[in-house]
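[1] Give me a 3D structure for the following:
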Amino acid sequence: MIANYNQLTIKQFLSCKRISELEADPIDRNVRLLAEITGKEVDEIESLPIGELKEQLKKLGAIETLVPETKIKMKFKVKGQRFTCIWEQQKLTSAQYIDVCHFTKNQSEIIYNIHNILAAICVKRTWYGKQLKYDGKYHKEVADLFYTQMTIEQAYPIMLFFCKFYEALGTNIATYLLEETEKLKKEAEVIFGKSTDG
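    Residues are numbered from 1 along each chain as shown. Model prediction:
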């Protein structure tokens, strides 16, 4: 059995999150969580002897807190493939930026798009470290790899860091656009010789 949430894949973690959010009955919730974490069917969990079920549920209680790793690894491997995370906005290609915007437009769904966002901001690299270019036609393939193979221990710190950076970036972009609008407005007033208000 998995020792803590950090060892779950993104798929398992998101399934556990959905179960926790949707299943009101604590016994049903724990049985479903246990099934997800062990890879067994709900029927199998329900058919366990009560002593064994209690023991498994104790272990489940011990893993339910996610302790994010403080060290962020911007270079990592998933199933033998090497990746580099490009977290600086100015280094993202237009295609990457558009994909990120698409998967972050609904704030409440960001966590459920963690694999899609990571697939947009991470690029493959060769065994000798050469960073390859982002190609959107492989986005789904990379997102699926992250979803099924990447652990939440790898994904969560990068995602947390990126979201904080992205939030600050959004504020900076909005401020910049407002400043540019004011400049254009003043230029228009000079050109046309009158106020552009109203």
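[2] Tyr97 contacts Glu88, correct?
    No. Contact criterion Cβ atoms under 8 Å: Tyr97 and Glu88 do not qualify, at 11.3 Å. In this view, the C-beta of every residue, glycine as well, is placed from N, C-alpha and C.
[3] Looking at these two, which is more packed in?
    Using other Cβ atoms under 10 Å, the more surrounded residue of Tyr97 and Glu88 is Tyr97, with 14 against 10.
[4] so who does that one touch?
    For Tyr97, the residues meeting the contact criterion (Cβ atoms under 8 Å, 6 or more residues apart in numbering) are Gln89.
[5] Wasn't it part of a helix?
    Yes. Tyr97: assigned to a helix according to DSSP: H, G, I helix; E, B strand; the rest coil.
[6] got a list of what the residue most central in space within the chain touches?
    For the chain, the residue nearest the mean C-alpha position is Ile114 (2.1 Å; Cα atoms, centre = their mean). Taking Cβ under 8 Å, 6+ apart, we find Ile114 in contact with 10, 14, 146, 155, 159.
[7] just those residues now: which is nearest Phe76?
    Sorting the contacts of Ile114 by distance to Phe76 puts Ala155 at the head of the list, at 9.2 Å, by Cβ to Cβ.
[8] The closest one sits in which helix or strand?
    If you go by DSSP states H and E, Ala155 is part of helix 152-192.
[9] what's the answer for Tyr147, then?
    Using DSSP H and E, Tyr147 sits in helix 139-149.
[10] Do me a favour and average the pLDDT over that helix.
    The average pLDDT for helix 139-149 rounds to 97.
[11] what sits up against stretch 121-133?
    For stretch 121-133, contacts defined as Cβ under 8 Å, 6+ apart pick out 75, 81-87, 92-93, 96, 100, 134, 142, 146, 162.
[12] ChimeraX command to pick out the buried ones of those residues?
    Listed next is the ChimeraX selection for buried residues among the contacts of stretch 121-133, using 16 or more other Cβ atoms under 10 Å:
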select :82,83,84,85,86,87,92,96,100,134,142,146,162
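[13] roughly how far apart are the residue lying closest to Lys17 once chain neighbours are set aside and Leu160?
    Setting aside the residues directly before and after it, Lys17 is nearest to Ile111 in space (Cβ to Cβ, 6 or more residues apart in numbering), at 7.0 Å. When Cβ to Cβ, to the nearest Å is the yardstick, Ile111 and Leu160 sit 10 Å from each other.
[14] what does Glu36 give?
    Remark: distance between Glu36 and Leu160 (Cβ to Cβ) = 23 Å.
[15] Compare these two (neighbour count), which wins?
    The residue with more neighbours, out of Glu36 and Leu160, is Glu36; 21 against 13, by other Cβ under 10 Å.
[16] Quick check, the more buried one in contact with Phe13.
    No. Contact criterion Cβ under 8 Å: Glu36 and Phe13 do not qualify, at 9.3 Å.
[17] Tell me the buried residues in the helix holding Tyr147?
    Judged by neighbour count using 16+ other Cβ under 10 Å, the buried positions of helix 139-149 are 139, 142-143, 145-147, 149.
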